[in-house]
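Participant: Got a sequence here, can you model it:
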Amino acid sequence: MTDHQVVDDQAWLDARNELLKKEKEFTRLRDQITEQRQSLPWRRIDKEYRFQSTAGEQSLADLFRGHEQLILQHFMFGPDWEEGCKSCSFMADHMGPSQPHLAARDVALVAVSNAPLETLHAFRKRMDWDFEWVSSLGSDFNFDFNVSYTEEEMAAGEVTYNYRQTTFPMGEAPGISCFYKDGGGDIFHTYSTFGRGLDMFIGAYNLLDIAPKGRNEAGLPYSMDWVRLHDSYE
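Facilitator: Below you'll find the model as predicted:
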């Protein structure tokens, strides 16, 4: 950083305006992608999924909490894990404060994991989160949405993740899925995203992207190697 180019005011303004052109192109492209995303066809969810929650066993329909729209964070937390994935926790740190704003736009926000409910809630208490978190342990939900894998699938060497066959280092994977419930109670899966598609939900990453050194992840074993649970930074 110490040998970064330093220029006079006019040269800086010229360079900034050149970048602004691309930023405006990106904004317009993002609007187009958003429109295309919202125009995707839906698929009806006919399978009856059951989740464990503080209110007892509940259906997918129950998770809407009176709203028409539902966003689920597929939070990596295996049945025998002692704590949740640090990268999923990084994203979850942004969830709680957004809840009243989402509710005002008729959207419920829930995290779901393939781990015992008591384990999830103990970790939620440690992290001081207040969003709803349910357990899909014992159901096919995580497996059907390709964010949990059986021992047989892992032994085969490749699993389905992010709409393709690929290797994956563990039996749990991250993602976000969206659903709509109509007036008749029918539920539709409208969108899911995985991998780098989750970046845009991490507000801290968006802030780092405008900082002088950016995410500063070059040379790390993997991009999010630096991330810690928020109570574990030195």
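
Participant: Going by C-alpha atoms from here, please, whenever you check contacts or count neighbours.
Facilitator: OK.

Participant: how many neighbours does residue 22 have?
Facilitator: 11 (other Cα atoms under 10 Å).

Participant: tell me the average confidence for the host helix or strand of it?
Facilitator: Assignment of secondary structure by DSSP states H and E places residue 22 within helix 9-38. Across helix 9-38, the average pLDDT comes to 97.

Participant: What pairs with the helix or strand just after it, parallel or antiparallel?
Facilitator: As assigned by DSSP H and E, the chain's next helix or strand after helix 9-38 is strand 43-44. Partners of strand 43-44 in the sheet, by DSSP bridges, are strand 187-193 (antiparallel).

Participant: Check which residues of the partner strand are buried.
Facilitator: Neighbour counts over strand 187-193 (16 or more other Cα atoms under 10 Å) mark 187, 188, 189, 190, 191, 192 as buried.

Participant: Which helix or strand lies directly C-terminal to it?
Facilitator: With DSSP H and E, the next secondary element past strand 187-193 is helix 203-208.

Participant: For that next one, list every residue counted as buried.
Facilitator: Buried, per 16+ other Cα under 10 Å, within helix 203-208: residue 205.

Participant: That one - what's its average pLDDT?
Facilitator: For helix 203-208, the mean pLDDT works out to 96.

Participant: so residue 205 touches residue 196, yeah?
Facilitator: No - here residue 205 lies out of contact with residue 196, judged by Cα atoms under 8 Å, at a distance of 11.6 Å.

Participant: tell me the phi and psi of residue 139?
Facilitator: phi -110, psi 170 (degrees, to the nearest 10).

Participant: Can you check the pLDDT for it?
Facilitator: For residue 139, the predicted pLDDT is 96.

Participant: Then residue 234?
Facilitator: Reported pLDDT at residue 234 in the predicted model: 87.

Participant: Ok, residue 61 next?
Facilitator: Confidence score, pLDDT, at residue 61: 98.

Participant: Could you count how many residues lie near it?
Facilitator: 20.

Participant: of the buried residues of strand 187-193, closest to residue 81?
Facilitator: residue 192 (24.6 Å; Cα to Cα).

Participant: wait, doesn't that closest one sit right on residue 176?
Facilitator: Yes - if you go by Cα under 8 Å, residue 192 and residue 176 touch, sitting 5.5 Å apart.

Participant: Make JSON lines out of the buried residues of strand 187-193 and add distance to residue 10 and pLDDT.
Facilitator: Output for these, formatted as JSON lines (distance: Cα to Cα, whole Å; pLDDT from 0 to 100):
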{"residue": "187", "distance to residue 10": "56", "pLDDT": "98"}
{"residue": "188", "distance to residue 10": "54", "pLDDT": "98"}
{"residue": "189", "distance to residue 10": "51", "pLDDT": "98"}
{"residue": "190", "distance to residue 10": "48", "pLDDT": "98"}
{"residue": "191", "distance to residue 10": "45", "pLDDT": "98"}
{"residue": "192", "distance to residue 10": "45", "pLDDT": "98"}
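
Participant: All set, thanks.
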